[in-house]
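A.B. asks: Fold the stuff below for me.
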Amino acid sequence: MAAPRFGEVWHAPSGSVLPGGMLCLIISSDDYHRIRRQYIIVEVVSDPMSGDAIICDLGPVGVALTGAPFTVGPGFFAGSDEPIAVLDNDTARRAVDQVRAILGP
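C.D. replies: A predicted model of the protein is given here:
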């Protein structure tokens, strides 16, 4: 298995109590992964949610739920060998900027 990297969307087979797992956008840097052995992620869904969800449009991949980042270990992606999508740098950075704006200075 290749290690997940910034801007990649990975499938986490056991990342949800619902069947099928969840899709995750990696929003932390490769250095963070190497040093901490963890990943900061946001969930990716196929349809924009209604209500108060804070989202970032990722184009054909779906939307990132940028209002709820969380940290996971490398075992979270067990069962997946490669990303299902790799975002362009501008799109990935837009998602990260939204998370930063929510968390504050």
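A.B. asks: Assign I40 to helix, strand or coil.
C.D. replies: Judged by DSSP: H, G, I helix; E, B strand; the rest coil, the three-state class of I40 is strand.
A.B. asks: Spit out the contact partners of the closest residue to it other than its chain neighbours.
C.D. replies: Excluding its sequence neighbours, the residue lying closest to I40 (CB to CB, 6 or more residues apart in numbering) is S28, at 3.7 Å. Every residue, glycine included, has its C-beta placed from N, CA and C. By CB atoms under 8 Å, 6 or more residues apart in numbering, the contact list for S28 reads F6, Q38, Y39, I40, I41.
A.B. asks: Please name the bridge partners of I55.
C.D. replies: L65 (DSSP bridges).
A.B. asks: one step back: and the two most separated of the contacts of S28?
C.D. replies: Greatest spatial distance among the contacts of S28 (CB to CB): F6 and Q38, at 13.2 Å.
A.B. asks: And the strands in this structure?
C.D. replies: 8-12, 22-26, 39-45, 55-57, 63-65, 70-72, 85-86 (DSSP state E).
A.B. asks: residues touching the spatially most central residue of the chain, list them.
C.D. replies: Taking CA atoms, centre = their mean, the centroid of the chain lies closest to L25, which sits 1.8 Å from it. Contact partners of L25, counting by CB under 8 Å, 6+ apart, are G7, E8, V9, I41, V42, E43, V44, L58, A64, L87, A92, A95.
A.B. asks: Looks like the fifth one contacts L23 (just checking).
C.D. replies: No. Counting by CB atoms under 8 Å, V42 stays clear of L23, with 9.9 Å between them.
A.B. asks: on that earlier part again, among the strands of the chain, which comes closest to P105?
C.D. replies: So among those, strand 39-45 is nearest, using CB to CB, at 17.4 Å.
A.B. asks: and the angle for the closest one with strand 22-26?
C.D. replies: 130 degrees (axes from the mean of the first three to the mean of the last three CA atoms, to 10 degrees).
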